[in-house]
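**Student:** Have a look at this prediction, sequence included:
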Amino acid sequence: MVKIGGRRALVVVAAVSMCVFLAGGALAATEFRLSNQFPASHHVSKGLVFFAEKVAELSKGEMKANVFDSAQLFKDTEVVEAVQEGLVEVALVPVNKWSGMIPAADVFEMPFVFSDLTSPKKFLDAGAGTLLDEEFQKMGAKVVFWVDYGLVQFFNSKRTLRVPDDFKGLKIRTFSSGTADTVTALGGTPVVISSSEMYMALQRGTVDGATTGMPAAVSRKIFEVQKYMTMANYTTAQFVVQANLKWWNALSDEQRDVLLKAGDEAAAWIRDAIADSELEAEKTIRDAGVEVTTLTPEERELFVKATEPVRTDFANKTGELGKKLIEMALAVE
């Protein structure tokens with residue numbers, strides 16, 4: 001993206017994009033860009049390539065998705081506005097980037113509402129996906145398909161974490177307000193640190209532990225500087241592939257159907273890839289000598305009770321929609 005200066009740059013690019021679409025006629029409907037911030041090697045990126053291939057297959061070559069990896073078009077901090085403004089037709093969006101406009105979108109970061117890798121799909125299929133899509137559409141974006149990312153665990157270098165009291169006195173790296181609130185509720189001290197700085201902070205003892213997913217722990221080599229991992233599945237990260245609503249509405253019913261069917265298949269492909277990645281990562285972590293503790297149902301219930309204030313506060317701040325989403329998430333479990 002050419003940097004012209006804040007919002008003005010976005011408006012200029014949007015105007016140019018619209019001119020191209022008007023001049024291109026049918027091309028605007030049949031060929032589109034898909035912005036992606038992950039590198040091409042990431043399993044989510046491979047899932048987006050799978051989606052593009054399915055679009056071509058199901059449309060018999062009449063539609064083409066051009067995937068731009070590694071934030072070539074937009075960073076995760078820019079992508080919501082890019083979709084809204086029509087600077088890009090389709091994009092992979094971290095759901096939590098919507099929380100400023102749609103606070104209830106942070107439901108995926110609430111602690112202990114999803115127990116395993118199948119939980120997010122159950123939650124979305126139970127009606128949460130429709131409710132959130134309705135909110136996104138009010139903001140100019142349409143859900144094409146949801147992208148699961150996996151579950152988040154607790155790592156630390158001091159001791160086994162089996163009950164909330166074990167967190168007392170520990171400084172834990174977190175990555176969002178939701179995860180920070182969870183660590184606080186458990187008795188620890190949260191320190192927000194980016195994933196790129198996590199290894200050094202753990203190595204130097206700036207923090208005693210970290211919250212992160214197992215595949216990320218492997219790719220960042222966290223197992224080299226941590227002794228314990230608690231398999232808590234305490235929260236998840238969720239992404240969504242969204243289209244600019246005006247662009248979406250300009251498509252024919254047949255074209256929209258192609259994108260939705262391709263999206264369903266891509267979502268399933270990515271879920272399978274996540275499951276494989278989680279299993280491989282767990283083996284690598286165990287083989288590295290990290291002591292892995294899996295919470296029993298009774299132990300998990302202690303964590304659920306300890307973090308109840310986080311979920312209650314979320315529901316109070318997000319109104320009826322937030323309350324309904326939390327109830328749905330807990331019900332599917």
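**Tutor:** Nice, I can see it. Worth saying up front: this structure is predicted, and the values here are computed from it rather than measured.
**Student:** Give me the buried positions along the lengthiest helix in the chain.
**Tutor:** Ordering each helix of the chain by length in residues (DSSP state H) puts helix 253-287 first. Buried residues in helix 253-287, defined by neighbour count with 16 or more other Cβ atoms under 10 Å: 255-256, 258-259, 261-263, 265-267, 269-271, 273-274, 277-278, 281-282, 284-285. Quick note: C-beta positions are derived from backbone N, CA and C, even for glycine.
**Student:** What residues of the helix or strand following that helix count as buried?
**Tutor:** Moving toward the C-terminus from helix 253-287, the first helix or strand encountered (DSSP states H and E) is strand 291-294. Going by neighbour count (16+ other Cβ under 10 Å), the buried part of strand 291-294 is residue 293.
**Student:** what comes into contact with strand 291-294?
**Tutor:** Here strand 291-294 makes contact (Cβ atoms under 8 Å, 6 or more residues apart in numbering) with 160-162, 227-231, 282, 285-286.
**Student:** again with stretch 156-171
**Tutor:** Contacts of stretch 156-171 (Cβ under 8 Å, 6+ apart): 154, 172, 183, 185-191, 202, 205-210, 225-228, 230, 232, 291, 293, 295, 299, 302-303, 306.
**Student:** which ones among those residues are found in strands?
**Tutor:** Filtering the contacts of stretch 156-171 for membership in strands, criterion DSSP state E, returns 154, 172, 189-191, 209-210, 228, 230, 232, 291, 293.
**Student:** Go through the residues you listed and say which is closest to residue 311.
**Tutor:** residue 232 (15.3 Å; Cβ to Cβ).
**Student:** Might one say that that closest one is in contact with residue 182?
**Tutor:** No: at 10.0 Å, residue 232 does not count as touching residue 182 under the criterion of Cβ atoms under 8 Å.
**Student:** Which of these two has more residues huddled nearby?
**Tutor:** Set side by side, residue 232 and residue 182 show more neighbours around residue 182, with 30 against 24, by other Cβ atoms under 10 Å.
**Student:** Would you reformat the contacts of strand 291-294 as TSV and include distance to residue 328?
**Tutor:** Compiled in TSV, the contacts of strand 291-294 are given as follows (distance: Cβ to Cβ, whole Å):
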residue	distance to residue 328
160	33
161	28
162	29
227	37
228	33
229	29
230	26
231	25
282	29
285	32
286	34
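**Student:** Since that was my last question, I'll sign off now.
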